[in-house]
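A.B. asks: I would like the atomic coordinates for the input below:
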Amino acid sequence: MGTPDELSEADFRSLHRHLSGRAPGGATRRGALDTITAEQVLAAVREVRSGRTVSLAAPVNTRPGPDDADPAEHRLIAPPDARPTAEGLEFARDRFAMNVHGDVDSHLDALCHVIYDGTLHGGVPAAGALSPDGASELSVELARDGIVGRGVLLDVPRLHGVPWLEPGTNVSGEDLAAAEARQGIRVGRGDILLVRVGHRRRREELGPWDVADARAGLHPTAMDFLAEREVAVLGGDGNNDTAPSAVEGVAFPVHVLAVHAMGLHLLDYLRFEDLAEICEREARWSFLCVIAPLRLPAATGSPVNPLAIL
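C.D. replies: Got it, this is the predicted structure:
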């Protein structure tokens, strides 16, 4: 696999303008979600053959580690001291708290998540849209009815005959096109594109590491592939961005291009190992995909458990 060139900040801004001009979607504030029509949902339902469902989320992490200094918190709050009485009715109850945009747990990024040059997607001024109470525009509430469509998995490590891409590896648009050709599938308008780099498998087999310093992901220029195909959502088993960044002065260029320029909701830190095994065994890489974020009207994202239905 070749390593795409690094981009200067000027080159990145030029790419941002180019992709902003090609942003899919209609006249609403839903961004690229507008590329999923009712007809496409019905066509995606016809992808179901066996009725088998597969979770695309990782178990929520509650232990601190090199990639998660602020893990989710979960505790039983009733019965007191987890000691039920011997008689009568009681309810076991628990409390859960999460840093939604961490580097381990599966989550959805809303269109208000990325601020670039003081604006959100579509040029919405960030100062007017964000407050201590949350986001008044472009929040995860845009996806309140769920995201349902045809999911397509492109398995880049499989293309190169390796179990995972090593941290720091950039996936190019040419890699995506080659994976597509190898798998006999074509990504199209309104698809939920899932790109496997093997991040989750590497973490499970070798243990966690500091992903802020090194992780595999997409090269910024690969976003041209997504713009050409007019995809609706992008999901990865890492956080879609490579570290170190390929762009001078921009730490998360794929987030900026996807969310801010193109209006794509992002799915970060998913888990594709079970799905990839089934897809390879059955020689099919598309399926019905259902994503149901929590109804958090002013939130910048949501924990999520996407489902592939085959």
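A.B. asks: quick one: the helices in the protein?
C.D. replies: Secondary structure of the chain by DSSP state H: the helices cover 9-21, 38-45, 126-129, 156-160, 173-183, 199-206, 223-229, 253-255, 273-282.
A.B. asks: For the last one, buried residues please.
C.D. replies: Of all the residues in helix 273-282, those buried under the rule 16 or more other Cβ atoms under 10 Å are 273, 275, 276, 278, 279. Any C-beta I mention is one placed from the backbone N, CA and C, and that applies to glycine too.
A.B. asks: So which elements touch it?
C.D. replies: Applying 3 or more Cβ pairs under 8 Å, 6 or more residues apart in numbering; DSSP states H and E, one finds that helix 273-282 contacts strand 53-55, strand 147-155, helix 199-206.
A.B. asks: rerun at 7 Å
C.D. replies: In this structure, helix 273-282 makes packing contacts with strand 53-55, strand 147-155, judged by 3 or more Cβ pairs under 7 Å, 6 or more residues apart in numbering; DSSP states H and E.
A.B. asks: what does that helix rub up against?
C.D. replies: Residues from elsewhere that reach helix 273-282, judged by Cβ atoms under 7 Å, 6 or more residues apart in numbering: 54, 56, 153, 155, 196, 200, 201, 285, 308, 310.
A.B. asks: Mind doing that once more with 8 Å?
C.D. replies: Helix 273-282 has contacts (Cβ atoms under 8 Å, 6 or more residues apart in numbering) with 52, 54-56, 153, 155, 158, 196, 200-201, 204, 285, 287, 308, 310.
A.B. asks: Mark which of those residues are buried, thanks.
C.D. replies: For those, buried by 16+ other Cβ under 10 Å: 54, 56, 153, 155, 158, 196, 200, 201, 285, 287, 308, 310.
A.B. asks: Just give me the closest of those residues to residue 107.
C.D. replies: Closest approach between those and residue 107, by Cβ to Cβ: residue 56, at 11.9 Å.
A.B. asks: isn't the closest one right next to residue 287, touching?
C.D. replies: No - assessed by Cβ atoms under 8 Å, residue 56 is found out of contact with residue 287, at 10.2 Å.
A.B. asks: which residues do the two both contact?
C.D. replies: Joint contacts of residue 56 and residue 287 (Cβ under 8 Å, 6+ apart) are 275, 308.
A.B. asks: about what we covered before: quick one: which of the helices and strands packed on helix 273-282 is nearest residue 232?
C.D. replies: strand 147-155 (6.1 Å).
A.B. asks: Summarise which helices and strands the closest one is packed against.
C.D. replies: Checking 3+ Cβ pairs under 8 Å, 6+ apart, strand 147-155 ends up next to helix 38-45, helix 173-183, strand 192-196, helix 273-282, strand 286-291.
A.B. asks: got JSON lines for the helices and strands packed on helix 273-282, with mean pLDDT and distance to residue 24 too?
C.D. replies: JSON lines is the format used below for these (pLDDT from 0 to 100; distance: least, Cβ to Cβ, whole Å):
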{"stretch": "strand 53-55", "mean pLDDT": "98", "distance to residue 24": "27"}
{"stretch": "strand 147-155", "mean pLDDT": "98", "distance to residue 24": "13"}
